[in-house]
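1. Take this sequence and fold it.
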Amino acid sequence: MARRSLLAALGLTGLLAACSTSPAGTTPAPRPGTPEPVPLRYGPDPSQYAVLHLPPGDPGEGPEGALPVVVVIHGGYWRSAYGLELGTPLAVDLTNADVAALNVEYRRVGDGGGFPATLTDVAAAIDLLATQGVETARRAGRELDLRSVVLLGHSAGGQLAAWAASRPRLQAPAPGADPVVVPKGVVSQAGVLDLVAAAQQNLGGGAVLDLLGGDPVSQAARYAVASPTALVPASCPVVAVHGTADDTVPIDQSRRYVAAATAVRGQARLVELPGVDHFQLIDPAAPAWQTVREETLGLLR
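-> You can find the predicted model right below:
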């Protein structure tokens, strides 16, 4: 049984999300005065929600300076085994740096996801910032700066983040067309950025085929609107951070994307981290996360 399915059967999924640890590492202690995170729903399915984290502030003094926002999109090869608990440590650490963070859950393969549901969910969650996100922040005496939104995604979440950065290139009926919130930048953490190559290499034991419902030949149209490499250039700068010791998503995925983007004059660059594996990038105690954090905050400036 999948890990989250087992936890659900035992009634422990809420406990997992609330725990101070995750497969990524330990959640940092929030700064004193940090508000409780607020779940926001964007659809009726149990997986269609996101959690808004705000930094500490004094609502009694009225709205403070508008907060930049980082949208955190977790990985797990688009499968239901893992959820947004992977992004919680990152969201907390980012609010400690005085930014807002939206930690996104979405329907995954095995739990109502796949094409196009997984993509449309992520698009809806990002656009939720313009409605429920702004309203929730205002109730806490804060403002969100929707001109300063950075997408941060790990592994499969890197694909979703980089894909979302190219949503302005899509036309209906493609999933994610006509975005409401357009990001200022993207940081991909060991992202699966070339879905054609990933399918050919059988990454994740057929995870791309499961997501898109077939191989690049039988589902060519889906690959064309889902693979970030097929959608370059993105609408904003993309920073691909990848460890050279990653044996879950090979660094060739990030190299391919950056090469394709720069070939068409896109703003993309690769940050290679020698000896770093797949999960150090989402461990707040690891130096690799500090690099990711600096790149993310740098795009918000």
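2. isn't A260 right up against A234?
-> No. Using Cβ atoms under 8 Å, A260 is not in contact with A234, being 10.7 Å away. Heads up, the C-betas are built off the backbone N, CA and C, glycines and all.
3. Between the two, which contacts overlap?
-> When contacts are counted by Cβ atoms under 8 Å, 6 or more residues apart in numbering, A260 and A234 are jointly contacted by G266.
4. Compare those two (neighbour count), which wins?
-> Under the neighbour definition other Cβ atoms under 10 Å, A260 and A234 were set side by side, and A234 has more, 26 against 20.
5. does the more buried one belong to a helix or a strand, and which?
-> Of the helices and strands defined by DSSP states H and E, none includes A234.
6. Can you tell me, leaving aside adjacent residues, what's nearest to it?
-> Nearest residue to A234 in three dimensions, chain neighbours excluded: A165, at 3.9 Å (Cβ to Cβ, 6 or more residues apart in numbering).
7. List the contacts of the one you found.
-> Counting by Cβ under 8 Å, 6+ apart, the residues that A165 touches are 151, 183, 186, 228, 234-236, 238.
8. Provide a ChimeraX selection command restricted to the buried entries of these.
-> Here is the ChimeraX selection string for the buried members of the contacts of A165, based on 16 or more other Cβ atoms under 10 Å:
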select :151,183,186,228,234,235,236,238
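9. Out of the contacts of A165, name the ones that lie in strands.
-> 151, 186, 238 (DSSP state E).
10. what's the closest of those to V122?
-> If you rank the ones in strands among the contacts of A165 by distance to V122 using Cβ to Cβ, L151 comes first, at 9.2 Å.
11. can you give me the helices in this structure?
-> If you assign secondary structure with DSSP state H, the helices in the chain sit at 3-9, 13-18, 88-95, 117-127, 132-139, 156-165, 195-200, 207-212, 220-226, 252-263, 287-300.
12. give me the low-pLDDT residue ranges for the stretch 151-300 of the chain?
-> Applying pLDDT under 70 to the stretch 151-300 of the chain flags no residue at all.
13. quick one on the thing from earlier: in TSV, list the contacts of A165 along with distance to A245.
-> Listed next are these as TSV, based on distance: Cβ to Cβ, whole Å:
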residue	distance to A245
L151	25
P183	29
V186	23
P228	23
A234	27
S235	32
C236	29
V238	22
